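J.: next come a sequence and a model predicted from it.
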Amino acid sequence: MKQVRYIYMLCLVFFSSALYSQDTNEKGEISTSFTVYGVCIQCKERIETAVKGKGVRSADWDENTQLLNIVYNPSKVSLKKLKSKVVAVGHDLDDKEADAVVYQALPKCCLYRELGAKENHNNNVANASVDSFMSKSANQVSPAMKNFIKGIVLEENSKGLLTPLRNASIFWLGKDEGVLTDSNGVFNIRQDGMGNRLIVSYSGYSSDTISIASLNDLKIVLASKSQLKEVVVSARRRTVYTDNFSAVRTQTMTGGELLKAACCNLSESFETNPSVDVTFNDAVTGSKQIQLLGLSGNYTQLTVENLPGPRGLATPLGLNSIAGPWIESIQLTKGVGSVANGYESIAGQINVELVKPESSERLLANVYVNGFGKTDLNLNLAKKINNNWSTGLLIHDDFFTNKELDFNKDGFRDQPVGNTFSLVNRYKYSSGKGVESQLGFKVLLENRTGGELAFDPDKDKNTTNRYGLSINTERYEAFAKMGYLFPEKKYKSIGLQVAGISHNQNSYFGLTTYNGKQQTIYTNLIYQSIISTTIHKFRTGISFLYDRYNENFKSVNYKRNETVPGVFGEYTYIPNDKFTVVAGLRFDQSNLFGFFVTPRLNFRYEPVKGTIIRASAGRGQRTANVFAENTGVLVSARQVNILAASSGKAYGLDPEVAWNKGISIDQKFRLFNNDALFVVDFFRNDFKNQVVVDLEHARKADFYNLLGKSYSNSLQLELNVEPIKKFEVRLAYRYFDVKTTYSGKLLDRSLISKNRAFMNLSYSIRRFKFDYTINYNGKKRLPYTGDNIPVYQLDSYSPNYILMNSQISKTVGKKFEMDIYIGAENLTNYFQTNAIVAADQPFSQYFDASMVWGPLSGRMFYGGLRLKIK
């Protein structure tokens, strides 16, 4: 493991040196580029002529990128002198401006400062759209269009790049009807004879109203600071938003939302989200799981950039394997999603988007340390190789060495010690003519050791001296994506996704040994187009999933190979901007479970502006992995019984099948003179078959297929308001009703809180950010322990409790931004005192470390630094 890490560290050194190097050929010539501002062909001739001469072999200035590419011999002419020559003829550089007298003497068509070249440089797509739009507007105005106002809507990212916004909403103040921008961000709206106030609205931004003083064409930029010649709409991008025009209610958590907490890994990314719970699987391994709609994370499909994420054997520790600084955004979908993403989603889907090499910072370095003794180191590197290729390298390394962490004084470590090392290296290609592709690989190496405080694996492994555990994981992934967008038909595209995964885990828990291997191959081919017009859209494709498992539990071997080829189709009907229906159907053939059909339907209706109603229904199916998904059973003395329904299947059990139905209402309104949003949603899951984990007998764990009812009801209310500028308040309440039939009795699902309340306060001022989150967790039913002797019996329900977290961050520096952050988790210092049953007798028949209903550790302080070089 160390040798592999050293190899990748050497790769890192090489990569870092390449990031800041210039290319030198055999003649001693250097190829380099730097930004020069200009706007036209005359600028190009003037700039290139200025630098050509002795020592310069070639010079080429690109109007779209604003980059001057030169090949020169530094022994004959210096780069500093070449830059001075450019400035002398009237053109600004990034770090030096031309003399005002020289600049004003340029022809009017070359006055790039007035024409906005500085604000828009390095944006080929947006500039091409704007130039095309403006030229057509000036020269092709027909009499029929004289009663229309034409414009283009763009967004600006953190690097100043402009991109056209599709489906931005444009309408006159006081009118219900409006228009949407097309794929190039362009719109045409009929003049309003009653007023001149135009409203621009787009998902993820606050709506803004602008006054139209003339009939000139409009260029509208949704940005924070840019000043353009025409109309500028300033809007602050919300850290959490939904796409108002999508039939599927997908909530996007941006990088700004993730920075509200330390967010060392994916499991900590939902601390400010009221929809998702993250809980410990047990009291000793440190593994966590998410809960969505009252169901464990097994029923939520987790993907990384729409490729399979941690699943199968990676389920218990998978949330820890994706580093927080790697994440660009998270998309959360409740209920059924698209059939194009597969059939496994039952409660919902979480898709993680990693930072992109073509648009992210050249360098991001993060150091995190907490009071418990954990250290996280992260390094993100990105490099644009040429106009078509870019590459990124993401590295994460964390250490935890505190063997004495024991808040409840039960003699067991609250967290295992160990190390996690992971990396992602990928390459992105864009032809600029519709061809897009990327390929890369991922590596995860992890080791954990836990148990009693004095446990020494060299002396105590496989003995009854002291209880201990060890988990060693090696995971390797390779992936590729290829796609083509038809240049003349933007609505038509074809794409192929491919991934291969190898996962190997060796572990022991006291005297129990568990080892597992998993190999996965995944492919997905998608084609999408329209039927006559964009009112009727469709996409179709084929997929293939192969899983190979080899598990050993207590010397018993469990093997299975599952292959699932499938085909799918999805039709979207959008007659207007108020109504959308998406109907999908897929057919899959499993070699273990036979043929099955997955129908899904999503519906959106906006009866009045600002009120959006969505409904969904569909089927989901998955194969359970009883050991990997229930690590609590492994760290207990329970007798494990798999009550198989038949042979030749996964553990002899049938697949899990459920139907999900849901409805949500988004209501926008104005409060405190700012935009506000109220959301209510209700979802129900009905299991037709389920692998029941029955812990209702204190000294055994039974796995069997459902005999009776099993369902979940989830109701959530959420309010987002902004009482004063830059002070955001998020309030939520959630109610769960989750029941399963255990041995003929319909009972509340254990370790699920029926009631939860949530509040998040966020305020920013002068590069300071303040965040405070409070969670109320209602009581949870505990599995029955009456079979134990009285001293090892638990109450029927856990108590209610409140958790509070806070963070303060400060951004310093301009050229090289650095975030300094400090925070605290579990401010009330609340923790579970009896997390392990029979902790004093770990090798007795009563030992059980799976009864976790609350925090395992008390108050924790942390701090860190985050450096960015754009």
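T.: Now that the structure is in, tell me what you want to look at.
J.: which ones are touching residue 834?
T.: Residue 834 sits next to 408, 410, 794, 851 when contact means C-beta atoms under 8 Å, 6 or more residues apart in numbering. The way it works is simple: take the backbone N, C-alpha and C, and place the C-beta from them, glycine included.
J.: again with residue 833
T.: Residue 833 neighbours (C-beta under 8 Å, 6+ apart): residue 408.
J.: kindly report the same for residue 153.
T.: Contacts for residue 153 (C-beta under 8 Å, 6+ apart) come out as 164, 165, 168, 170, 181, 185, 187, 200, 202, 220, 221, 222.
J.: how about residue 362?
T.: Residues near residue 362 by C-beta under 8 Å, 6+ apart: 19, 381, 382, 383, 869, 870.
J.: among these, find me the one that's closest to residue 58.
T.: Lowest distance from residue 58 to these (C-beta to C-beta) belongs to residue 383, with 22.7 Å.
J.: and for the closest one, the neighbour number?
T.: Neighbourhood size, residue 383 [other C-beta atoms under 10 Å]: 19.
J.: over to residue 650?
T.: Residue 650: 20 surrounding residues under other C-beta under 10 Å.
J.: which residue packs closest to it, ignoring adjacent ones?
T.: residue 623 (5.0 Å; C-beta to C-beta, 6 or more residues apart in numbering).
J.: got phi/psi on that neighbour?
T.: phi -100, psi 120 (degrees, to the nearest 10).
J.: for residue 592, see how far away it is.
T.: 8 Å (C-beta to C-beta, to the nearest Å).
J.: same check, this time on residue 766
T.: Per C-beta to C-beta, residue 766 is found 60 Å from residue 592.
J.: likewise residue 670?
T.: Relative to residue 592, and taking C-beta to C-beta, residue 670 is found at 55 Å.
J.: these two: which is more packed in?
T.: Of the pair residue 670 and residue 592, residue 592 is the one with more neighbours under other C-beta under 10 Å, namely 16 against 10.
J.: residue ranges with poor pLDDT in this protein?
T.: Across the chain, the ranges flagged by pLDDT under 70 are 1-27, 108-109, 115-148, 156-162, 173-177, 183-184, 191-196, 203-217, 222-237.
J.: for it, which segments count as helices?
T.: Along the chain, counting by DSSP state H, helices occupy 2-19, 41-51, 79-88, 100-104, 117-120, 124-139, 255-258, 457-460, 631-634.
J.: what's near enough to touch the nearest residue to residue 256 once chain neighbours are set aside?
T.: In space, and not counting its chain neighbours, residue 256 is closest to residue 239: 4.0 Å by C-beta to C-beta, 6+ apart. By C-beta under 8 Å, 6+ apart, residue 239 lies in contact with 253, 254, 256, 257, 260, 762.
J.: same check, this time on residue 361
T.: 355, 380, 382, 868, 869, 870.
J.: residue 507 too?
T.: Taking C-beta under 8 Å, 6+ apart, we find residue 507 in contact with 469, 470, 471, 472, 513, 514, 515.
J.: now do residue 293
T.: Counted by C-beta under 8 Å, 6+ apart, residue 293 has contacts 334, 335, 347, 348, 683, 685, 712, 714, 736.
J.: ok, residue 74 next?
T.: 28, 30, 55.
J.: just give the nearest non-adjacent residue to the first one, would you?
T.: Same thing as residue 28. Nearest to residue 28 is residue 73, by C-beta to C-beta, 6+ apart, at 5.9 Å.
J.: count the residues that sit near residue 729.
T.: Residue 729 is flanked by 17 other residues according to other C-beta under 10 Å.
J.: contacts only, for residue 806.
T.: Residue 806 sits next to 770, 771, 772, 773, 823, 824, 827 when contact means C-beta under 8 Å, 6+ apart.
J.: okay, and the beta partners of it?
T.: Taking DSSP bridges as the rule, residue 806 bridges to residue 772, residue 824.
J.: and the gap between it and residue 245?
T.: The gap separating residue 806 from residue 245 is 36 Å, by C-beta to C-beta.
J.: before we move on, what about residue 95?
T.: From residue 95 to residue 245 the distance is 42 Å (C-beta to C-beta).
J.: who's more crowded, those two?
T.: Applying other C-beta under 10 Å to residue 95 and residue 245 shows that residue 245 carries more neighbours, namely 18 against 9.
J.: tell me, how many residues neighbour the residue nearest to the more buried one when sequence neighbours are not counted?
T.: Closest residue to residue 245 apart from its sequence neighbours, by C-beta to C-beta, 6+ apart: residue 167 at 5.1 Å. When counting by other C-beta under 10 Å, one arrives at 17 neighbours for residue 167.
J.: phi, psi for residue 167 please.
T.: Dihedral pair for residue 167: phi 70, psi 30, per degrees, to the nearest 10.
J.: so where do the strands sit in the stretch 201-350 of the chain?
T.: 208-211, 218-223, 231-234, 240-242, 250-254, 276-280, 288-292, 295-296, 300-304, 307-308, 327-334, 348-354 (DSSP state E, counting those that start in this stretch).
J.: rewinding a little: now the contacts of residue 361: which count as buried?
T.: 355, 380, 382, 868, 869 (16 or more other C-beta atoms under 10 Å).
J.: quick check, nearest of these to residue 548?
T.: For the buried ones among the contacts of residue 361, the closest approach to residue 548 (C-beta to C-beta) belongs to residue 355, at 31.6 Å.
J.: ok, now how distant is that closest one from residue 276?
T.: Counting by C-beta to C-beta, the gap from residue 355 to residue 276 is 21 Å.
J.: dihedrals phi and psi, residue 245?
T.: phi -100, psi 0.
J.: ok, it touching residue 578?
T.: No. Taking C-beta atoms under 8 Å as the definition, residue 245 is not a contact partner of residue 578, at 10.0 Å.
J.: can you give me every residue that contacts residue 809?
T.: 259, 768, 769, 819, 820, 821, 822.
J.: which one of the residues you listed is nearest to residue 722?
T.: residue 769 (14.9 Å).
J.: if we can go back for a sec, how about the residue nearest to residue 28, what does it touch?
T.: Applying C-beta under 8 Å, 6+ apart, the residues near residue 73 are 27, 28, 29, 30, 55, 56, 57.
J.: once you drop chain neighbours, what's closest to residue 529?
T.: Residue 529's closest residue in space is residue 492 (C-beta to C-beta, 6+ apart), at 4.4 Å.
J.: contacts only, for the nearest residue to residue 746 once chain neighbours are set aside.
T.: Excluding its sequence neighbours, the residue lying closest to residue 746 (C-beta to C-beta, 6+ apart) is residue 739, at 5.4 Å. By C-beta under 8 Å, 6+ apart, the contact list for residue 739 reads 709, 710, 711, 712, 746, 747, 748, 749.
J.: from those residues, keep the buried residues only.
T.: Taking 16+ other C-beta under 10 Å as the criterion, what is buried in the contacts of residue 739 is 710, 711, 712, 749.
J.: tell me the bridge partners for residue 817.
T.: Where residue 817 sits in a bridge, its partners, by DSSP bridges, are residue 868.
J.: who are the contact partners of it?
T.: Applying C-beta under 8 Å, 6+ apart to residue 817 gives the contacts 811, 867, 868, 870.
J.: pipe those into CSV and attach distance to residue 703 per row.
T.: CSV is the format used below for these (distance: C-beta to C-beta, whole Å):
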residue, distance to residue 703
811, 51
867, 49
868, 48
870, 52
